[in-house]
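Participant: For reference, the sequence and a predicted model appear below.
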Amino acid sequence: MSPMDRLLYLDRTLDELDPPRWAPPAADATRLVRTVHELRRVPLGELSAADLRTLLPQQVALPYVLPLAVRLLIEEPLLDACFYEGDLLLAAVNAPASAWALLPELAARLGAVITALPEGTVAGLPRGAAEDLARFVAGPATLRRPGN
């Protein structure tokens, strides 16, 4: 299945596409855990940029979440999904190299988008963002980070 084919499943949920289905969260689960569990039951086509921004750092169903994020980032690279301008982009480029290895065409497309960003725009992102973007554009060998 190609990365873009995953987008054809917009009417399906992560619980359906990324088995096994998750059990309900524990009664004392954190708000984040409850939110992630809830998002796994939302059809892909209904996930917002903020939802994707929540799922990416939690590394939930990345083969399905990354293509959705890239689709938005191609249109608006510095999309403010939740916290600040470019937060979805930074969440995407900081996904594990192992996830991007499954999606090389999307990684290349996102790399091209990043390369086209004006230098002044990148300088206005949070501290460390320029390095994260440069590492992503440089390719797979530089994507390896501790814990990935």
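Facilitator: Received it, and whenever you're ready, just let me know what you need. If you're wondering where the values come from, they're calculated on a predicted model, not measured in any experiment.
Participant: CA only for contacts and neighbour counts going forward, please
Facilitator: Noted.
Participant: For Asp15, see how far away the residue of the chain positioned farthest from its centre is.
Facilitator: The outermost residue of the chain relative to its centre, with distances by CA atoms, centre = their mean, is Ala27 at 27.7 Å. Distance, Ala27 to Asp15, by CA to CA, to the nearest Å: 20 Å.
Participant: all helices of this structure, in order?
Facilitator: Secondary structure of the chain (DSSP state H): helices at 14-17, 31-39, 49-55, 62-75, 87-93, 97-101, 104-115, 119-123, 129-138, 140-143.
Participant: out of these, nearest to Leu8?
Facilitator: Among the helices of the chain, the nearest to Leu8 by CA to CA is helix 62-75 (10.4 Å).
Participant: Would you mind measuring the gap between the ends of stretch 84-101?
Facilitator: 27 Å.
Participant: right, I mislabeled it, should have said stretch 119-132
Facilitator: Rule used - CA to CA; the end-to-end distance of stretch 119-132 is 14 Å.
Participant: Next, count neighbours for Pro77.
Facilitator: By the criterion of other CA atoms under 10 Å, Pro77 has 22 neighbours.
Participant: how near is it to Thr54?
Facilitator: In terms of CA to CA, Pro77 sits 17 Å off from Thr54.
Participant: Over to Asp80?
Facilitator: For Asp80 relative to Thr54 (CA to CA), the value is 13 Å.
Participant: So these two - more neighbours on which side?
Facilitator: Thr54 (20 against 16).
Participant: close enough to count as contact, that one and Val36?
Facilitator: Yes: in this structure, Thr54 is within contact of Val36 by CA atoms under 8 Å, at 7.4 Å.
Participant: What score does the closest residue in space to Leu55 that isn't next to it in sequence have for pLDDT?
Facilitator: Distances taken as CA to CA, 6 or more residues apart in numbering put Val36 closest to Leu55, at 6.6 Å, once the chain neighbours are dropped. Val36 is assigned 98 on the pLDDT scale.
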